[in-house]
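**Q** everything below, folded, please.
(one chain, ligands or ions: 1)
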Amino acid sequence: MKKVHKNIQDWYKTYGRLDLPWRTTTDPYHIYLSEVMLQQTQVKTVLERYYFPFLKKFPTLEALGKSPLDDVLKMWEGLGYYNRAKNLHKTAGMLVVQRQTHGSAPTLPSNIDELIKFPGIGKNTAHAVATFAYKKPVPIMEANVKRILCRVHKLKTPTDKSLWDIAYNMVDKINPFDYNQAMMDIGATICTPKNPQCKVCPLYDICKGKNAPTLYPTKKKRIVPTREENIIISVYNNKLSLTQRTGKFLHALWGFEATEVPLCASEYIGEVTHAYTHFKLICKVYIYDELDKEQAHYFSTSDIQKLAISKVDEKIVKLYLDTMR
Ligand code: SF4
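**A** Here you go, the predicted model:
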């Protein structure tokens with residue numbers, strides 16, 4: 001592996017994205033934040049729209065842990081998968097409480113078993129924080145790395161355990177930081193799902209799957225179910241009714257009410273759709289003029305912009321404004 005490690009390190013120095021802000025810092029909080037944001041989101045989106053504004057608003061773990069959840073969700077708006085933001089906030093809060101007893105600033109532990117105990121920190125995030133923030137000689141296991149490992153070892157349907165075992169065997173224990181960052185970059189730019197560029201790959205010499213790389217791993221076919229909802233926009237005095245969600249789905253975000261059967265006096269204004277990972281949501285949207293009186297939680301459209309709302313509710317507001325034009 002020595003030669004391959006050298007190839008990977010050389011490749012990284014020439015082609016790696018060395019300047020990403022979470023690669024030029026040693027602050028565990030910044031690295032942890034980037035890992036959480038990047039879990040379901042592309043680098044470009046995180047870099048251009050979310051990472052810096054979030055750190056400006058919550059520059060330390062302490063600032064994050066002591067802020068109201070609503071403020072955190074507002075900064076997360078549009079990024080989706082809001083549980084990530086809630087767990088980030090919960091973890092920061094737990095670290096603040098833990099450290100208050102020691103009188104020092106809160107920070108993340110470096111030990112993987114301890115990291116995994118915090119909400120939302122899974123095995124890969126714990127490994128990423130350990131290796132990127134604390135230079136521990138451990139591997140990471142995100143989607144790009146998994147694909148490389150499957151191809152290098154000709155694995156069609158590996159178990160999680162077998163992948164982690166292989167990853168631990170392969171990791172460069174002398175320079176794990178560059179090795180792990182390089183593996184992600186190689187997966188994103190060379191060992192891509194379609195048309196991998198094997199001839200320029202630093203793992204070429206040891207790769208067993210290079211003759212038919214796209215056979216590894218076997219792709220699972222996913223059938224995405226559709227869910228339909230009737231959404232009522234209750235309007236009074238040009239203000240719209242929104243409530244803060246209490247259920248599991250989009251918990252704590254503000255949104256419009258869903259109803260089984262639309263009120264007969266309501267008017268159908270159109271449909272919005274939104275694709276989530278596990279299902280497609282179709283919302284049939286109705287407006288209802290509230291004649292009685294303004295209830296609690298009525299907001300002008302400019303006030304709605306200050307609330308943390310989901311992408312689908314944003315689309316519903318847009319449909320409403322387009323209809324009213
Ligand atoms: S040689 Fe090809 S298949 Fe193997 S890791 Fe490199 S790009 Fe992927």
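**Q** which residues of the chain lie near the ligand?
**A** Counting by C-beta under 6 Å from any ligand atom, the chain comes close to the ligand at 148, 151-152, 190-191, 196, 198, 201, 203-204, 207, 209-210, 213. For glycine as for every other residue, the C-beta is placed from the backbone atoms N, C-alpha and C.
**Q** now those residues as TSV including neighbour count and secondary structure?
**A** Converted to TSV, the residues of the chain next to the ligand look like this (neighbours: other C-beta atoms under 10 Å; DSSP: H, G, I helix; E, B strand; the rest coil):
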residue	neighbour count	secondary structure
Ile148	24	helix
Arg151	25	helix
Val152	22	helix
Ile190	20	coil
Cys191	26	coil
Pro196	22	coil
Cys198	16	helix
Cys201	22	coil
Leu203	22	coil
Tyr204	15	helix
Cys207	21	coil
Gly209	21	coil
Lys210	18	coil
Pro213	23	helix
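**Q** kindly reformat those as TSV containing pLDDT and distance to Tyr51.
**A** Below are these laid out as TSV (pLDDT from 0 to 100; distance: C-beta to C-beta, whole Å):
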residue	pLDDT	distance to Tyr51
Ile148	97	25
Arg151	97	30
Val152	97	31
Ile190	97	25
Cys191	97	25
Pro196	96	29
Cys198	97	33
Cys201	97	29
Leu203	97	29
Tyr204	97	33
Cys207	97	33
Gly209	96	34
Lys210	96	35
Pro213	95	32
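**Q** and stretch 90-97, what's buried?
**A** Neighbour counts over stretch 90-97 (16 or more other C-beta atoms under 10 Å) mark 90-93, 95-96 as buried.
**Q** go on, stretch 76-91?
**A** 76-77, 79-80, 82, 84-91.
**Q** next up, the contacts around the closest residue to Leu115 other than its chain neighbours.
**A** Leaving aside its sequence neighbours, Leu115 sits nearest to Ala126 (C-beta to C-beta, 6 or more residues apart in numbering; 3.8 Å). The contact partners of Ala126, taken as C-beta atoms under 8 Å, 6 or more residues apart in numbering, are 112, 115-116.
**Q** hmm, try it at 10 Å
**A** Residues near Ala126 by C-beta atoms under 10 Å, 6 or more residues apart in numbering: 32, 35, 108-109, 111-118, 138, 140.
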